[in-house]
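# Could you work out the structure for the sequence below:
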Amino acid sequence: MKKRRTLQDLTIKDNFLFGAVMHVEENCKGFLELVLGFPIAHVVVSKERSMIYHPEYKGVRLDIYAEDENHTHYNVEMQMRRKKALGKRSRYYHSQIVMEALESGEEYETIPDTFVIFVCDFDPFGKELYCYTFQNECKEDRDVKLEDGCCTIFLSTQGKKEELVSPDLVRFLKFVTADLEESEKDFGNELVERFQKTIREIKADREMGGRYMIFEEMLREEKQEGRIEGIIEAKQDDILELLEDLGEIPKELQDKIESLEDLGKLKALLKIAAKSASIDAFEEKAEAYFCSEEAK
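Numbers count the residues shown, from 1 in each chain. I've put the predicted structure just below:
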């Protein structure tokens, strides 16, 4: 059996620990200044949006949401593994911030500037850069900027072109990708030292250990639910695909199949569909499964 990881086993690239460290506003401020290259007077990190500080929070959200003194909004997320559609994921975060601003009554001209930052323990675009920055500009004339206030940044621990970024950013990203033992060494970087100090404090906090256990349980349940839902949807699709070969599927029958979530019954119906010579023959044999479901 695979040993369950504890809070003591985590490094900064683990989402829970990264979120806990970045919720310390001085850490978040230092990180943003390092990445963006301009000073920030102060930031406010939203704790209400993260189950790290609100175990009752429904859903496993670990990205960091912050706002500075200029009303600029920041969304920061750690990415340990390559995921599909990171670009569209960033678009979603930008639009989410904008919609919340509009719902609060802001006019278009006062919509906040937004930065979405992904810290990736892989190279998202394969160009060996430590930092990929995206802003909208005119394709025909790159001197013409859209000035929509949106900026998306992907940091990569796998970069190689150190001359294009600051030495401090390189040191920080080497800290991110370090294993547990290596992460304790001196990286010659003030922000890393601050992160290391915060990590030691978090790991010594019994309450944070309890929160991590809650997070792990929620994550397991979410993964299990997602896996089962995927299997159920696949079985439903397989049944409908077999029935389509037999003719037009009545809307009522399709609705019954798509609303059936008992995996055992779906497996039985899949066998019936495979052996049926017509839609009517399938419905006749399948009726008992739908009746028992309606009786619940």
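# Strands of the stretch 51-200 of the chain, start to end?
64-68, 73-79, 114-120, 131-134, 150-156 (DSSP state E, counting those that start in this stretch).
# list the helices and strands the third one packs on?
By that I understand strand 114-120. Judged by 3 or more CB pairs under 8 Å, 6 or more residues apart in numbering; DSSP states H and E, strand 114-120 is in contact with helix 25-36, strand 73-79, helix 86-103, strand 150-156. C-beta here means a position set from N, CA and C on the backbone, and glycine is covered the same way.
# Retrieve the pLDDT associated with Tyr289.
pLDDT for Tyr289: 82.
# try Asp255
pLDDT for Asp255: 84.
# quick one: what helix or strand has it in it?
For Asp255, the host element (DSSP states H and E) is helix 251-259.
# now what about that helix, what contacts it?
Outside helix 251-259, the residues that touch it by CB atoms under 8 Å, 6 or more residues apart in numbering are 236, 239-240, 243, 269, 279, 283, 290.
# Now intersect those residues with the helices, please.
Members of the contacts of helix 251-259 lying in helices (criterion: DSSP state H): 236, 239-240, 243, 269, 279, 283, 290.
# Tell me the buried residues within those residues.
Listed as buried from those are 236, 239, 243, 269, 279, 283, 290; burial here means 16 or more other CB atoms under 10 Å.
# what's the spacing between the last one and Leu269?
With distances defined as CB to CB, to the nearest Å, the gap from Phe290 to Leu269 amounts to 9 Å.
# Quickly list what's touching both of those two.
Leu260.
# quick revisit: go through the strands of the stretch 51-200 of the chain and find the least confident stretch.
Among these, strand 64-68 carries the lowest mean pLDDT (a mean of 89).
# Excluding its own residues, what touches it? List them.
Residues external to strand 64-68 that are found in contact with it (CB under 8 Å, 6+ apart): 19, 22-23, 25, 28, 32, 40-46, 49-50, 73-77, 112.
# What subset of those is buried?
19, 22-23, 28, 32, 40, 43, 45, 49-50, 73-77, 112.
# okay, and for the chain, where does confidence drop off?
Scanning the chain for pLDDT under 70 picks out 1-3, 48-62, 219, 221-228, 292-296.
# go again using 80 as the cut-off
The chain contains residues with pLDDT under 80 at 1-4, 47-63, 83-84, 103-108, 214-231, 291-296.
# Tell me the spacing between Arg200 and Gly210.
18 Å.
# Likewise for Asp237?
Relative to Gly210, Asp237 is positioned 41 Å away (CB to CB).
# And Ala101, by the same measure?
On the measure of CB to CB, Ala101 and Gly210 end up 35 Å apart.
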